[in-house]
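Sequence and computational prediction follow.
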Amino acid sequence: MSTGKAYKVLITHPEVPQEGIDLLKENCELIQVQSLPTNRAELLQKIRGVDGVLWGGHEALNAEVLDAAGPQLKSISTMSAGIDYVDVPEVKKRKIPLGHTPTVLNTAVADLAVGLLIAAGRRFHEGRRKIETDNWENYHLNWMLGQDIRDSIVGFYGFGGIGQAIAKRLSGFDIDQVLYTTRRRVHKEIEQELNAKKVDFDTLLAQSDFVVIASPLTADTQGVFNTTAFNKMKETAVLVNIGRGKIVNQDDLYEALKSNKIFAAGLDVTDPEPLSAKDKLLSLDNVVVLPHIGSATKRTRAEMATIAAHNVLRGLVGEPMLSPAY
Ligand SMILES: O=C(O)C(=O)CO
């Protein structure tokens, strides 16, 4: 039976915020994947013959999916900033517009990054463990001493919107200097506003008191934070990762933290995700690990769904997406 609606759109996740769904349903017949975690067979079956897709999770979006959809597919948007789970060359090859949702999550992720930086630098996790194990020994004057943010050098590996939003927040903490390593220099005005200087990777590692990974995962960034890198960092340095887990060699990080080669780490992303409850990283006092909740606020997720829906709608009618991924 025809619904009279011009397009068929698949929503690949049962929990996509209503704001996105309401936008789509005005002009589109909607089909939604109901399984959670996603049942690949359901996804592959429901995607057949659709015109557009709002890709709600981090499930692999690859040739298998595109083949299952069929040649009429003309618009896809993820509901994420990072698109490392998308086979972009495959999508490009088929000339299907692909959108994603950067920018809108910058502030939520930046807030969390500042939280991690403080939590790791000031030993929140270890402190909690001290209480739980009846080791609250604050009669020592040098007990649980952490790292000051005041007058520190904060180095960013990746300095796009999220990195810049973190630096902006940290300017209220009286930091001394921002360093950043990226392929391209950011605008001079941004450098001036954030007191930021582009440096090479080795300088970033050697000079930073806090190193924040805020870059996407690519073939170039995968595994760059390894033993060689950790050996170049200060022993007082704190590493924060809100990018992707695979940018860090996690075995090497474990060794660096265990042997106090670096002071601490705060991670919102790990390799793999979810991290096993038995993972050796969790046995350490000097690492704060969160379950990838950078964009997890009600408002941010609603805005991500809204932008993803607009991307899909624009792709369907051949207009440029609000935030194209390529
Ligand atoms: O949207 C993304 O890519 C995120 O990882 C948000 O934390």
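Yep, that arrived.

Give me the three-state assignment for E255.
Classification of E255 using DSSP: H, G, I helix; E, B strand; the rest coil returns helix.

need the helices for the stretch 151-300 of the chain, in chain order.
161-170, 188-194, 201-207, 227-232, 250-258, 298-316 (DSSP state H, counting those that start in this stretch).

start to end distance for stretch 4-23?
17 Å (C-alpha to C-alpha, to the nearest Å).

Looking at the helices of the stretch 151-300 of the chain, spot the one closest to S276.
helix 250-258 (11.7 Å; C-beta to C-beta). From N, CA and C alone the C-beta is placed, and that goes for glycine too.

wait, what's in contact with the residue in the stretch 151-300 of the chain that the ligand sits nearest to?
In the stretch 151-300 of the chain, the residue that lies nearest the ligand is G294 (3.0 Å; C-beta to the nearest ligand atom). Residues in contact with G294 (C-beta atoms under 8 Å, 6 or more residues apart in numbering) are L105, A108, V109, L112, A113, I242, D268, V269.

and the most centrally placed residue in the chain, what is it in contact with?
The centroid of the chain falls nearest to G243 when counting by C-alpha atoms, centre = their mean (4.4 Å). Neighbour list for G243: G82, Y157, G158, I213, A214, S215, P216, L217, T221, V269 [criterion: C-beta under 8 Å, 6+ apart].

Out of those residues, flag the one nearest to G4.
G82 (37.0 Å).

for that closest one, helix, strand, or coil?
Secondary structure, three-state DSSP: G82 is coil.

how far away is it from the ligand?
3 Å (C-beta to the nearest ligand atom, to the nearest Å).

before we move on, what about R40?
Per C-beta to the nearest ligand atom, R40 is found 21 Å from the ligand.

Let me see the contact set for that residue.
E59.

same thing but 10 Å
Neighbouring residues of R40 by C-beta atoms under 10 Å, 6 or more residues apart in numbering: V33, E59, A60, E64, V65, A68.

swap in P324?
Applying C-beta under 10 Å, 6+ apart to P324 gives the contacts S77, P97, L98, G99, H100, N311, R314, G315.

ok, and the most crowded of those residues?
Neighbour counts for the contacts of P324 (other C-beta atoms under 10 Å) peak at S77, which has 32 neighbours.

The helix or strand harbouring it pairs with which strands, and in what direction?
Using DSSP states H and E, S77 sits within strand 75-78. Applying DSSP bridges, strand 75-78 is found paired with strand 52-55 (parallel), strand 98-99 (parallel).

Get me the contact residues on the chain for the ligand.
Neighbours of the ligand within the chain, by C-beta under 6 Å from any ligand atom: S80, A81, G82, L105, V109, G294, S295.

Turn those residues into CSV, including distance to K168 and pLDDT.
Below are the residues of the chain next to the ligand laid out as CSV (distance: C-beta to C-beta, whole Å; pLDDT from 0 to 100):
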residue, distance to K168, pLDDT
S80, 22, 95
A81, 17, 94
G82, 21, 93
L105, 15, 97
V109, 13, 98
G294, 16, 97
S295, 18, 97
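
Apply the buried test to those residues and list what passes.
S80, A81, G82, L105, V109, G294, S295 (16 or more other C-beta atoms under 10 Å).

Quick one: distance of stretch 319-326 to the chain centre.
Distance, stretch centre to chain centre, for stretch 319-326: 20 Å (C-alpha atoms, centre = their mean, to the nearest Å).

One more: stretch 107-127?
On C-alpha atoms, centre = their mean, the centre of stretch 107-127 falls 15 Å from the chain's centre.

ok, how many other residues are close to R122?
18.

give the contact list for it.
Contact analysis of R122 by C-beta under 10 Å, 6+ apart lists M144, L145, G146, Q147, D148, I149, V238, A264, V288.

sorry, back to before: can you pick the most crowded of the contacts of G294?
Neighbour max across the contacts of G294 (other C-beta under 10 Å) = A113, 29 neighbours.
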